[in-house]
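A.B. asks: Pasted the sequence and its predicted model underneath.
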Amino acid sequence: MLRVRGLTKSFGSTRVVNGISFDLRPGEVLTLLGPSGCGKSTTLRLIAGLEQPDAGEVWVGGRLVASGERIMVPPEGRRIGLVFQSYAIWPHMTVMENIGYPLKARRIDRDIIAAKVAEMIRLVRLDGLGSRMPTELSGGQQQRVALARALVYEPDLLLLDEPLSNLDSALRKEMRVQLRALQSRLATTMLYVTHDQEEAMSLSSRVAVMNHGVIEQVGAPDEVYERPATRFVQGFVGRTIRLRGMIEGDAARPRVRIGTGTIAPAIESPLGPGTAVEVAMRPEDVTLQSGSEPNGNWLAGQIIEVTYYGDRLEYAIRIDGPEEQVVTVDADKRQRAARGDRIHLGVDGAGMKLWPL
Amino acid sequence: MAVVTTVSAPRGHWPRMQGALGMLVLALVALVTLAPVLVVIFGAIEADVWRETFIESAANRGALGYSFLLALRAPVAALIGFLIAWLLIRIELPGGRLIEFAMWVTFFIPLLPVTLSWILLLNPHYGLVNKALMSLPFVHSPPFDIYSVGGILWVHIVASSVPVMVVILGPAIRQLDASFEEVGRTCGSGPVAVFRQITLPILAPAILTGTLAGFIKSLEAFEVEQLLGRPAGIFVYSTRIYDLVSWEPPKFKDAMALSTFVLLVLLLIALFYQRLSRRDYATVLGRGASFGRLEIGRARWLVSAALFLVVAISLICPLFMLVFGSFMKLFGFFNIPAPYTIDHWHEVLVDPIFLRSLTNSLLLSVGAGIGGVLIYAVVAYLIVRSRLPGRGVVDLLAWLPWSIPGILLGVSVLWLILASPLLSFLYGSLASLILMMIVAQMPIGVHMMKTSVRQIAVELEHASRVCGAGPVRTFFAIVLPLIRPMLVSIFVIVFISALRDISTIIFLAGAGSQTLSLLMMQLATSSNLEASAVIGVITTAIVVVAALLARGFGLTVTAQRPSR
């Protein structure tokens, strides 16, 4: 439904989007996830036709709509729907007029417009608010008007630019569920832009993590989380515990020395002995072992700070060794240790990644 | 029984002395803003006066008619100005910044010198444009006559109304989130349809308020009508008042009756304006996260060329002609042998009257600037941050002079001075002119100061109070330094207004307090257009320098580049 090839765009001397390519199958939801300034919004705007690419191609519904500086179908000719972060509900039109606008712009019969608008209003649960002015609506309601307006003419592709980030967290969660239900009901193809990884994970069939204008990894949410392709992806998606170390032993069975301890990663690594590496793990792959006899893969350390959070505890642990390395680890409330206590960190060798420093 | 007093003082409690000082300031503001209005209304309270003024005098009715007819330029200028501002902001135009800068300079240029230039170009006898057109085979009579309704409208629209609208409407357009238009495009509308169906209606309130402001300002116009209307027998409200008061003895009653009527109309419009400007779409307009500009391809060269033409007509051509005119032996006569001379410059520059007028003008402008900035700051601070009784009323009253034409202010103060011997020391003194300029510029000054004071975190002041400083010390040590950029901006605005002003001070300036603009006016009406042009060049130069300095200090109306 959407095909992007080598898309490139510079503003002045900064290359904001740097040759990215991806495909979107009908009915699929792809999220562009990345920190602010990574080029994800610009990518969306290039696809929408609000910016002209310097190079690269955009195909929507099998039609070439942008190709470098040669072909540029204007936004109104692209059969897309767009929802902005600011919603951009026109303040001089009622809810119904807002939603009906795309049909009016296409000179569709007035009766059909009325019927379709009524259907959309029901679908996004704005019943009874049709003749309100946007100023009288709450943020969540405005958001749904924007959604209805983008969907009313059944576009080939729905583009959403951080549509939920102006809502408070409770409402955001609710809207996320509604959006998902709506998507699966209408089978809309969606390209979703966000910096919120939780939103990306829960909404999409695939996630594309962007940084500095390039896509670092595309994959299903679990794939991106569990098998991050780059250090950036691992750091950006989910929490990470990082330690510095050095590879020892032979290449077939590498071990990593961290401080005075060593651990054995259960993964293959092309990095040879003597390489300084960063060992990056997910918090859930690290367990606390307060017993005297640790088992498996472990590191020893001393608790230097205990913070109480109500539902859990957090320990700051200094790993034994000449270099000061401190990690913070969540702990069960029942497992109460005090500052100064010695502790062992059990490490799951399969969950870790080694990145050369 | 104990009397319980509740002291709710989230804005800080004020010591008695300092509170009294504040009340005094508020009372003075109320006095100087209300007095002119009351004088005008009470001066016209006799029944006979109304009959004489409106039923028996065709001249008075004619003046009112022309005033309202000429005011119709406001909506036209608002639409043109809006279109130009929109093009400048939303489209990447070659030379766009230069065009915007030129509009901004035009905004400050005094009208009288520009009028002289247009006389050079469009005078029916010697106007250059007329002569050029008459050299064509099929044109037998001068096609243009500057001394006409059309001429007055033309000068106002190109030299003032349109540039003013561009500057006023710019911020509203800039505030409009580009996504409103972008969503329109993705919904299937082309750029023209989006402009017509979305941009224009969303900004309609801003355009309407701009129109109303233009309407009010056009009813106050004086010098252009005096110079161009009088020879053709076209009088408007302000020039008619000038005649009535110049009568010997002055016909104050007629002037007051006429003024009362105009004042009521203006106040009604001002009230409507206030209601309108409060009810805008600010809540949904977003944070103005303007993204990219519109791509219109080659057409941008065409648009740019058209806008450069506007700049040429409204700024470059008049300035050029003005300088020309100042070097002419006989204003407008290009065909006589050796038409150019520096005699007029020499004549003006050695004239003691010129030197005195220059000094007076600078004293007036600097005095009004400094005094105004201080007073506006105090008043704005009292309105925003004190809990003194009556501050709400004063907030409204400070807005009042906005709808009082300069000439009306002048007449009412003149009448006050003539009627009460106690005030006669004010007549002809520079101090009284300064005071009038401060009152005349109070609305914009206080309004801008209020915006600035509101932006200061109130904690900064509370911290000062906790440290032991009273409200007065806090004001001078904390508030004033924090709003310094605004002080400079307002100083320049008042400075330029005072330098340009004619109608407010024309009745009160005595021989010793004549200013440059009054001298220029006097020379122009006594047909010494060459010397008038010389002074016009000098005044314009001072204004442009002041405006450029202000721009350096951040009085900007430029487009911030949309950046990504």
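C.D. replies: Received, thanks. Residues are numbered from 1 along each chain as shown, chains lettered A, B, ... in the order given.
A.B. asks: What helices and strands are in contact with the worst-scoring helix or strand of chain B on mean pLDDT?
C.D. replies: Least confident helix or strand, chain B: helix B:47-50 with a mean of 70, by mean pLDDT, DSSP states H and E. Applying 3 or more C-beta pairs under 8 Å, 6 or more residues apart in numbering or on different chains; DSSP states H and E, one finds that helix B:47-50 contacts helix B:252-278. For every residue, glycine as well, the C-beta is placed using N, CA and C.
A.B. asks: which of the residues in the helix it packs on are buried?
C.D. replies: B:252-263, B:265-266, B:269-270, B:273-274 (16 or more other C-beta atoms under 10 Å in any protein chain shown).
A.B. asks: Show me what the very next helix or strand once past that helix is packed against.
C.D. replies: Stepping forward along the backbone from helix B:252-278, the first helix or strand reached (DSSP states H and E) is helix B:299-311. Contact partners of helix B:299-311 among helices and strands, from 3+ C-beta pairs under 8 Å, 6+ apart: helix B:73-90, helix B:96-108.
A.B. asks: ranking these by burial, who's on top?
C.D. replies: helix B:73-90 (a mean of 22; mean count of other C-beta atoms under 10 Å in any protein chain shown).
A.B. asks: still on that earlier bit, what comes up buried for the least confident helix or strand of chain B?
C.D. replies: Buried, per 16+ other C-beta under 10 Å, within helix B:47-50: B:Val49, B:Trp50.
A.B. asks: Show me how far that helix is from its chain's centre.
C.D. replies: Remark: helix B:47-50 is offset 33 Å from the chain centroid, using C-alpha atoms, centre = their mean, to the nearest Å.
A.B. asks: got the CA positions of that helix in PDB?
C.D. replies: This file holds the C-alpha atoms of helix B:47-50, laid out as PDB (Å, rounded to 0.1, in the frame of the first residue of the first chain):
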ATOM      1  CA  ALA B  47     -29.800  72.100  22.300                       C
ATOM      2  CA  ASP B  48     -29.300  74.900  19.800                       C
ATOM      3  CA  VAL B  49     -25.800  73.900  19.000                       C
ATOM      4  CA  TRP B  50     -26.900  70.600  17.700                       C
END
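A.B. asks: what's in contact with that helix?
C.D. replies: B:Ala44, B:Lys253, B:Asp254, B:Met256, B:Ala257 (C-beta atoms under 8 Å, 6 or more residues apart in numbering or on different chains).
A.B. asks: Let me have these in CSV, adding distance to chain A and pLDDT as columns.
C.D. replies: Converted to CSV, the contacts of helix B:47-50 look like this (distance: C-beta to the nearest C-beta, whole Å; pLDDT from 0 to 100):
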residue, distance to chain A, pLDDT
B:Ala44, 43, 74
B:Lys253, 48, 82
B:Asp254, 46, 83
B:Met256, 43, 85
B:Ala257, 42, 85
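A.B. asks: For these, which two are the farthest from each other?
C.D. replies: B:Ala44 and B:Asp254 (8.6 Å; C-beta to C-beta).
A.B. asks: about what we covered before: out of the helices and strands packed on helix B:299-311, flag the one nearest chain A.
C.D. replies: helix B:73-90 (12.7 Å; C-beta to the nearest C-beta).
A.B. asks: low pLDDT regions in the chain?
C.D. replies: Because you didn't say which chain, this covers chain A. A:251, A:290-294 (pLDDT under 70).
A.B. asks: that answer is for a different chain, and I need it for chain B
C.D. replies: B:1-13, B:47, B:277-293, B:553-564.
A.B. asks: which one's the longest helix in it?
C.D. replies: helix B:352-385 (DSSP state H).
A.B. asks: Off-centre distance for it?
C.D. replies: 16 Å.
A.B. asks: same question, stretch B:214-227
C.D. replies: Using C-alpha atoms, centre = their mean, the offset of stretch B:214-227 from its chain centre is 10 Å.
A.B. asks: Please apply the same query to stretch B:466-476.
C.D. replies: 35 Å.
A.B. asks: Likewise for stretch A:144-158?
C.D. replies: With C-alpha atoms, centre = their mean as the basis, the mean position of stretch A:144-158 lies at 22 Å from the chain mean.
A.B. asks: likewise stretch B:439-451?
C.D. replies: 12 Å.
A.B. asks: What residues of that stretch count as buried?
C.D. replies: Buried, per 16+ other C-beta under 10 Å, within stretch B:439-451: B:Val439, B:Ala440, B:Gln441, B:Met442, B:Pro443, B:Ile444, B:Gly445, B:Val446, B:His447, B:Met448, B:Met449, B:Lys450.
A.B. asks: correct me, but the last one touches B:Arg385?
C.D. replies: This means B:Lys450. No: at 10.0 Å, B:Lys450 does not count as touching B:Arg385 under the criterion of C-beta atoms under 8 Å.
A.B. asks: how about the residues of the stretch 151-300 of chain A that lie near chain B?
C.D. replies: A:Tyr153, A:Leu159 (C-beta under 8 Å from any C-beta of the partner chain).
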